[in-house]
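Q: A predicted structure for the sequence below; I have some questions about it.
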Protein chains: 2
Amino acid sequence: MNVNGKHYRTIWLKQDDDSVVQIIDQRHLPHEFVIEDLETIEDVAAAIKDMHVRGAGLIGATAGYGMYIASLRAPKDDLTAFSAFMEESGKILKATRPTAVNLAWAVDRQHDAMAAGEMIKEKVSIAKKTAIDIANEDAESCRMIGEHGLSLIEKISQEKGDEPVNILTHCNAGWLAFVDHGSATAPIYAAHDKEINVHVWVDETRPRNQGARITAWELGQHGVPHTVIPDNVGGHLMQHGMVDIMITGTDRTTFTGDVGNKIGTYLKALAAKDNGVPFYVALPSSSFDWKIRDGVKEIPIEQRDATEVKYIKGLYNGKVIPVLLTPIDSPAANFAFDVTPSRLVTGLITERGICPANEKGVLSLFPEKKV
Amino acid sequence: MNVNGKHYRTIWLKQDDDSVVQIIDQRHLPHEFVIEDLETIEDVAAAIKDMHVRGAGLIGATAGYGMYIASLRAPKDDLTAFSAFMEESGKILKATRPTAVNLAWAVDRQHDAMAAGEMIKEKVSIAKKTAIDIANEDAESCRMIGEHGLSLIEKISQEKGDEPVNILTHCNAGWLAFVDHGSATAPIYAAHDKEINVHVWVDETRPRNQGARITAWELGQHGVPHTVIPDNVGGHLMQHGMVDIMITGTDRTTFTGDVGNKIGTYLKALAAKDNGVPFYVALPSSSFDWKIRDGVKEIPIEQRDATEVKYIKGLYNGKVIPVLLTPIDSPAANFAFDVTPSRLVTGLITERGICPANEKGVLSLFPEKKV
């Protein structure tokens, strides 16, 4: 999508030097737009581990490009040494954020693809193509989510006439979490680019404020009208007819329709249900968990460090600094995700279309997953 | 309640000099404990307007003491001049926060009481007694709320045995919002002082963080075990049996049981309902609105400045400073309250007892309000 009027993806090969990968270093958003060169496997590992890049789709794409970077830096005079270097590089990448499914998937896909090449030169060339393919496929999946989700927004817009369609979203399931378009934001960008009048309520998303920092920034850069709100506000807005549709992303959704997503999603889903506001979840099919049936009981919920609740970073006198919000001695708890039961979910927007949030609905779009 | 092991109220006459009123200047909490002397009507007006003191009960008590301070500083040689000074002082106080019901009520009560005195000296003495009465009555109301609410916590504690009773609260309806005990916190302090094992989940309460700053501080000072959580977390805790009861305060509750309270209360009430967690609202009867029936439609919701959402204050290098959280150009909305419909409220805890959140229940405790 656009930044300062120019189209960007979140990751790309450097112009005039395709041995270097470039990313947007998202740690500096929204206060600074920093592009970073990744030239070694250590650069790539640090970028994932220290969250210069984040979001399932983008982590996968970065790992894909990381394996290509590794293939360039690997010893070229001996196939065994080359393979050992690639094996080691894959391990380094996988260890950066061990819970991210797309990370291991991208590394393994590179290993498998490169195995088909006989000569080292050929393997390097396969690694480059595979990295580009992974990124392109991610962008295309999100674009298709946008096409399917667009129909929901278009319908509301037709009913409302000149009035803007008010969309509430939580956290960042935007293009910055993928390669382009995003998941929850894809239908919004598609509608905006088609000149449909949309306005987005952006949940700030405490404690890490991905909404206030990242979603607000990417919507603003692309020119989409939006308003940042504290996470407490959405229920009041829905009670008073100020939300037409809610769309979020997901970190893991069961094939039965239970949605694991950033903490607080469940509260908004309850308010949507209570006020008859449709609540949709947008996801590429890579985010489905095909094994577990009961999301509330079975999706593990990460607990993060209390300092993320007690301190917050913001801009002061041109510098980003952390400030203490609570009494220094008060304990804090930091559950990172919650699970919204399928009964509260109106539908799932995938790259193959929209379906009800239940086993029958999901399997109708993904019949190959039937056992 | 206790601060550093010593009992405090939020407002009192200075020891050895009862012509001076002392308050806790709450702007500095939780990072500093500052006691301020109020010696003139201007001091008192600034303390209310600039929120050195806040909370319905405490604002009323401060206005009561303010009228006493005014009576001390008024000209004493001429009754007309004295009365004119008192009239003017009352106006100054009422203008500080015009929407606070308890403020005008306390000023008018002082005017009425003082009218009964004939000599100036007598009027001053009445003003002093009335100020003390208002504060004592507020503390006593809250103490009674604590006694009644205690029974709810005791019952859960008996069922749980040695396990702590987990109570979730939102915002600050603590002793710092009243003269002592608080409303939502009164049953908690009563239980803790009776050595019942309680633990409080403290909602941070964005955007002004009254929970993370004030509730956490006062619970910590009184020795009550507590954990600060982002406002997003409560639903997840309730889904997993980690909340036994929810208790909040209210800014205005209709006699039909609809509860106006700090923004975000409605979302927690929905989660409580969805998970069978009892949701109680604690209030002195001065917080009832006896005129309107439909809280969601009729309670006006204050919108405050967007800067309160975009910036937050915290401690950095020993200094409290504001940091910017959002893109500088992103708009933000700041609805200060929401309304929880009575159907989501298990009961109301008042100084006269506990009743169901509906017209019949409320009028059974306050039969004199029947028309």
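A: That came through, no problem. Residues are numbered from 1 along each chain as shown, chains lettered A, B, ... in the order given.

Q: ranges for the helices of chain A?
A: Under the criterion DSSP state H, chain A carries helices at the ranges A:41-49, A:56-73, A:79-94, A:101-115, A:120-160, A:186-193, A:210, A:216-222, A:234-239, A:265-274, A:295-298, A:307-310, A:359-365.

Q: list the buried residues of the first one.
A: Of the residues in helix A:41-49, A:41, A:43-45, A:47-48 count as buried by neighbour count, 16 or more other Cβ atoms under 10 Å in any protein chain shown. Any C-beta I mention is one placed from the backbone N, CA and C, and that applies to glycine too.

Q: closest to chain B out of those residues?
A: Ranked by distance to chain B (Cβ to the nearest Cβ), these are led by A:A47 at 22.6 Å.

Q: correct me if wrong: that closest one contacts A:R54.
A: No - using Cβ atoms under 8 Å, A:A47 is not in contact with A:R54; the gap is 9.8 Å.

Q: now the helices of chain A in JSON lines, with mean pLDDT?
A: Below are these laid out as JSON lines (pLDDT from 0 to 100):
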{"stretch": "helix A:41-49", "mean pLDDT": "97"}
{"stretch": "helix A:56-73", "mean pLDDT": "97"}
{"stretch": "helix A:79-94", "mean pLDDT": "97"}
{"stretch": "helix A:101-115", "mean pLDDT": "95"}
{"stretch": "helix A:120-160", "mean pLDDT": "98"}
{"stretch": "helix A:186-193", "mean pLDDT": "98"}
{"stretch": "helix A:210", "mean pLDDT": "96"}
{"stretch": "helix A:216-222", "mean pLDDT": "97"}
{"stretch": "helix A:234-239", "mean pLDDT": "98"}
{"stretch": "helix A:265-274", "mean pLDDT": "98"}
{"stretch": "helix A:295-298", "mean pLDDT": "95"}
{"stretch": "helix A:307-310", "mean pLDDT": "97"}
{"stretch": "helix A:359-365", "mean pLDDT": "98"}
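
Q: which of these sits closest to B:F335?
A: Set against B:F335 and scored by Cβ to Cβ, the helices of chain A come closest in helix A:234-239, at 5.4 Å.

Q: hmm, who's touching that closest one?
A: Here helix A:234-239 makes contact (Cβ atoms under 8 Å, 6 or more residues apart in numbering or on different chains) with A:166, A:168, A:201, A:203, A:229, A:243, A:246, A:267-268, A:271-272, A:274-275, A:277, B:263-264, B:266-267, B:270, B:296, B:301, B:335, B:337-339.

Q: report pLDDT for the residue of the stretch 51-200 of chain A with the smallest separation from chain B.
A: Closest contact between the stretch 51-200 of chain A and chain B, by Cβ to the nearest Cβ, is at A:H170 (8.5 Å). For A:H170, the model assigns a pLDDT of 98.

Q: cool, and the one 5 residues further on?
A: Predicted confidence (pLDDT) at A:W175: the value is 97.

Q: double-check it against A:A184; I have them as touching.
A: No - look at A:W175 against A:A184 with Cβ under 8 Å: they stay out of range, at 10.4 Å.

Q: tell me the buried residues in stretch A:86-94?
A: Under the neighbour-count criterion of 16+ other Cβ under 10 Å, stretch A:86-94 has A:86, A:89-90, A:92-94 buried.

Q: now for the residues you listed: which two are most distant?
A: Using Cβ to Cβ, the pair of the buried residues of stretch A:86-94 lying farthest apart is A:M86 and A:K94, separated by 12.6 Å.

Q: check contacts around A:V200.
A: Per Cβ under 8 Å, 6+ apart, neighbours of A:V200: A:166-169, A:188, A:215, A:219, A:224-227.

Q: phi, psi of whichever residue of the stretch 101-250 of chain A sits closest to chain B?
A: The nearest approach of the stretch 101-250 of chain A to chain B comes at A:N232, 2.8 Å away (Cβ to the nearest Cβ). Dihedral pair for A:N232: phi -70, psi -10, per degrees, to the nearest 10.

Q: quick check: residues of the stretch 151-300 of chain A near chain B?
A: Within the stretch 151-300 of chain A, the positions near chain B by Cβ under 8 Å from any Cβ of the partner chain are A:201-202, A:204-207, A:209, A:212-213, A:216-217, A:220, A:226-237, A:239, A:262-264, A:266-268, A:270-271, A:274, A:296.

Q: quick one, strands of the stretch 201-350 of chain A?
A: A:226-229, A:245-248, A:252-254, A:259-262, A:279-282, A:288-289, A:311-316, A:319-324, A:337-340, A:347-350 (DSSP state E, counting those that start in this stretch).

Q: can you redo those strands as JSON lines with mean pLDDT and mean neighbour count?
A: Formatted as JSON lines, those follow (pLDDT from 0 to 100; neighbours: other Cβ atoms under 10 Å in any protein chain shown):
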{"stretch": "strand A:226-229", "mean pLDDT": "98", "mean neighbour count": "26"}
{"stretch": "strand A:245-248", "mean pLDDT": "98", "mean neighbour count": "26"}
{"stretch": "strand A:252-254", "mean pLDDT": "94", "mean neighbour count": "25"}
{"stretch": "strand A:259-262", "mean pLDDT": "96", "mean neighbour count": "26"}
{"stretch": "strand A:279-282", "mean pLDDT": "98", "mean neighbour count": "26"}
{"stretch": "strand A:288-289", "mean pLDDT": "94", "mean neighbour count": "20"}
{"stretch": "strand A:311-316", "mean pLDDT": "97", "mean neighbour count": "19"}
{"stretch": "strand A:319-324", "mean pLDDT": "96", "mean neighbour count": "15"}
{"stretch": "strand A:337-340", "mean pLDDT": "96", "mean neighbour count": "27"}
{"stretch": "strand A:347-350", "mean pLDDT": "98", "mean neighbour count": "24"}
